[in-house]
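A.B. asks: Sequence unavailable; structure follows:
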């Protein structure tokens, strides 16, 4: 039936002509606590002020990503260091390559050394690009917040 939104409202708590993004509430976090939520939820870190601005202070946020142990993923146990300065300048100083007798290991080492990992300057440039992309997404998100549901069937 035309504008039959009652069942949708009952199932999803969505109001007709309401916002398409739902505010599911907020949580006050205190020191020494951890807060976990599924990745499908948007979140916002609110600004903070020191209780006593005359004393030094800071806020630290640690992002942890929980994974399903039943689903195998690449981990730090099988990924080489990402920092270029950690890599040896010469293949002879690499303990893994020093133990190989064929040239294939050296060829692969040379290919990897030329292309990867990236240096600090390139990493900083990529970070700038990421931050610009996130800024663009925030602006886009603001327009999404203005979008409303319309349950008209045509």
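C.D. replies: Ah, there it is. Computed from a predicted model, the values in this text were never measured in an experiment. Numbering: from 1, shown residues only.

A.B. asks: What count of nearby residues applies to residue 123?
C.D. replies: Neighbourhood size, residue 123 [other Cβ atoms under 10 Å]: 14. For glycine as for every other residue, the C-beta is placed from the backbone atoms N, C-alpha and C.

A.B. asks: hey, where'd the helices end up in this protein?
C.D. replies: Assigned by DSSP state H, the chain shows helices spanning 6-12, 95-98, 103-115, 120-145.

A.B. asks: worst average pLDDT in these?
C.D. replies: Within these, confidence is poorest for helix 95-98, with a mean of 58 (mean pLDDT).

A.B. asks: and of the helices of the chain, who's closest to residue 66?
C.D. replies: Residue 66 sits nearest to helix 120-145 of all the helices of the chain, at 22.2 Å, using Cβ to Cβ.

A.B. asks: Could you check how far that closest one is from the centre of its chain?
C.D. replies: Centroid separation for helix 120-145 versus its chain: 12 Å, with Cα atoms, centre = their mean, to the nearest Å.

A.B. asks: got it, and stretch 24-32?
C.D. replies: 20 Å.

A.B. asks: Need the distance between the two termini of that stretch.
C.D. replies: End-to-end distance of stretch 24-32 (Cα to Cα, to the nearest Å): 24 Å.

A.B. asks: hmm, who's touching that stretch?
C.D. replies: 35, 41 (Cβ atoms under 8 Å, 6 or more residues apart in numbering).

A.B. asks: Start at 416, not 1
C.D. replies: Yes, from this point I'll number from 416; that puts the last item at stretch 439-447.

A.B. asks: follow-up on the earlier one: want to throw the helices of the chain into a markdown table with distance to residue 438?
C.D. replies: Below are these laid out as a markdown table (distance: least, Cβ to Cβ, whole Å):
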| stretch | distance to residue 438 |
| --- | --- |
| helix 421-427 | 14 |
| helix 510-513 | 52 |
| helix 518-530 | 45 |
| helix 535-560 | 10 |
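
A.B. asks: right, so of those helices, which gets closest to residue 465?
C.D. replies: Closest approach to residue 465 among the helices of the chain is made by helix 535-560 (25.7 Å; Cβ to Cβ).

A.B. asks: coming back round to it: which among the helices of the chain is found nearest to residue 450?
C.D. replies: Among the helices of the chain, helix 535-560 comes nearest to residue 450, with 20.9 Å by Cβ to Cβ.

A.B. asks: got the buried residues for that closest one?
C.D. replies: Within helix 535-560, not a single residue qualifies as buried, counting by 16 or more other Cβ atoms under 10 Å.
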